[in-house]
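K.L.:
Here is a sequence with its predicted model. Questions after.
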Amino acid sequence: MRRKSSKIISVLAAAALLFSGCTYAPEDASSASVTESVNSDSSGVSSESISSSSNEVTTAEGETTTAENTVADGDYKYKFTLPALGGGLCSSAFFIAKENGYFDEEGLDVTLVSATPEVLKTGINNGTIPFTYGDFQYFQSMESGIQGTVVDGINTGCIQIIARADDDSINSAADLKGKTVCVNSIGGTPYQILNIWASSAGLVMDEDYKVVAYSDGNLQLEALKSGEVDVAAVWDPYGPKATESGDAKLLFDNGTDDEFSGRACCFLIASTKVLEEHPDEIAATIRALHKADEWIAENPEEAVDIVVDKGYQEVDDKELAAELLENYGYAELASGTHDVKGDVEFYVEKLNELGLLEETSDEFIANYYQDVDLNA
């Protein structure tokens, strides 16, 4: 029997993956290092927020403030900082919920911020940060000690695996044998999607194919075009940009593949402490995001305009960005009927097969998933 991939993420490394999600970048590519693949064995709401240098966050205006989650006064019931800045286009529900006033309608005084992985880890554990969000790669962080609970889905598939359009030697997962594949980060979600896809053909990373990392999606496309690598596993919008230009062909898309299509791959993670002590705060936030989901589904072009005009994203092709929003499953997520639990079980089983999670899907669901009563 061939070995499974060994577990690759330590507790701190897992925490560092909280926001290595998709990013919509403009055409200009900055310099970035290339990393070889490696295998190695791998932390509540109150009337006063905790204040220390370990929970500093940054607002959209670039100001440093303290992560907080408090019972509010006046028209609001809760006031908190929500680390949503720095995510990709698929984070648009947070931006629209803020700009269209859906958080306000639910009695939530929300400031969108960015935060370091260590601040996120601490805030989720002690409740000063009530929410974060991340792709299924975040499940490893939870198993490694971050006290979060999956409570909803954020968007469906946004990852593609592509090859050069004129390369007839690769058309399937089995054809990865002997090839070099680039990802945006070792251990990130495209990296894991790549390994899940390769495993469907019985292939094992390092034994059958080599993985290197370029920290910028544009650099990935340049490496593919130049022949430095044979295949690229990329976030939106890099896959669609490359295939529409004719430079690349699509091998796999987790938004359209029969096994992956329609599954949320990015999830809303609530602080377990806050979920236990203030479930109404969690429910109100989910309701606000569902309102944003519904509005985006009905108004994708306007959503792109808001996201760009308010400085949440730099977008060089608004038409493509609107098409991507249309494909992120917002309408179904807004309905509240999407099988988020089933999606979590699916990815846990895939990661378990690769040796990246220790718990079974039943164990993981029992420990790290909860259906939230949205009427709370």
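P.N.:
Noted; the coordinates are in hand.
K.L.:
drop to CA atoms for contacts and neighbour counts, all remaining ones
P.N.:
Fine.
K.L.:
Stretch 156-169: which residues count as buried?
P.N.:
156-164 (16 or more other CA atoms under 10 Å).
K.L.:
right, I mislabeled it, should have said stretch 200-215
P.N.:
Quick answer for stretch 200-215 (16+ other CA under 10 Å): 203-205, 208-215.
K.L.:
Likewise for stretch 322-342?
P.N.:
Buried residues in stretch 322-342 (16+ other CA under 10 Å): 322, 324-334, 338, 340-341.
K.L.:
so what strands line up beside the helix or strand that contains residue 210?
P.N.:
According to DSSP states H and E, residue 210 maps onto strand 210-214. Applying DSSP bridges, strand 210-214 is found paired with strand 34-36 (antiparallel), strand 180-183 (parallel).
K.L.:
what does the last one rub up against?
P.N.:
Pointing back at strand 180-183 there. 190-191, 209-215, 220, 229-234 (CA atoms under 8 Å, 6 or more residues apart in numbering).
K.L.:
least confident pick among the residues you listed?
P.N.:
The lowest pLDDT within these belongs to residue 215, with 86.
K.L.:
low-confidence ranges in the stretch 151-300 of the chain?
P.N.:
Along the stretch 151-300 of the chain, no part satisfies pLDDT under 70.
K.L.:
Can you show me the helices along it?
P.N.:
189-199, 217-226, 238-245, 272-277, 279-298, 300-309 (DSSP state H, counting those that start in this stretch).
K.L.:
could you dump those helices to a markdown table with distance to residue 84 and mean neighbour count?
P.N.:
A markdown table is the format used below for the helices of the stretch 151-300 of the chain (distance: least, CA to CA, whole Å; neighbours: other CA atoms under 10 Å):
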| stretch | distance to residue 84 | mean neighbour count |
| --- | --- | --- |
| helix 189-199 | 18 | 22 |
| helix 217-226 | 20 | 21 |
| helix 238-245 | 21 | 18 |
| helix 272-277 | 18 | 20 |
| helix 279-298 | 12 | 22 |
| helix 300-309 | 13 | 18 |
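K.L.:
Tell me which of the ones you listed approaches residue 150 most closely.
P.N.:
Closest approach to residue 150 among those is made by helix 272-277 (9.1 Å; CA to CA).
K.L.:
Excluding sequence neighbours, find me the nearest residue to residue 162.
P.N.:
Nearest in space to residue 162, with sequence neighbours left out and distances taken as CA to CA, 6 or more residues apart in numbering, is residue 250 at 4.7 Å.
K.L.:
So what's the residue count around the one you found?
P.N.:
Residue neighbour count, defined by other CA atoms under 10 Å, stands at 17 for residue 250.
K.L.:
For the residue of the chain positioned farthest from its centre, which three-state class applies?
P.N.:
Seen from the C-alpha centroid of the chain, the residue lying at the greatest distance (CA atoms, centre = their mean) is residue 74, 34.1 Å away. Secondary structure, DSSP: H, G, I helix; E, B strand; the rest coil: residue 74 is coil.
K.L.:
Tell me how far it lies from residue 100.
P.N.:
Residue 74 sits 20 Å away from residue 100, taking CA to CA, to the nearest Å as the criterion.
K.L.:
which two of the contacts of strand 180-183 lie the greatest distance from each other?
P.N.:
Taking CA to CA, no two of the contacts of strand 180-183 sit farther apart than 209 and 215, at 19.6 Å.
K.L.:
Show me what the helix or strand hosting residue 350 is in contact with.
P.N.:
Applying DSSP H and E as the criterion places residue 350 in helix 340-353. Applying CA under 8 Å, 6+ apart, the contact partners of helix 340-353 are 4, 136, 139, 152-153, 196, 263-265, 357-362, 364-365, 369.
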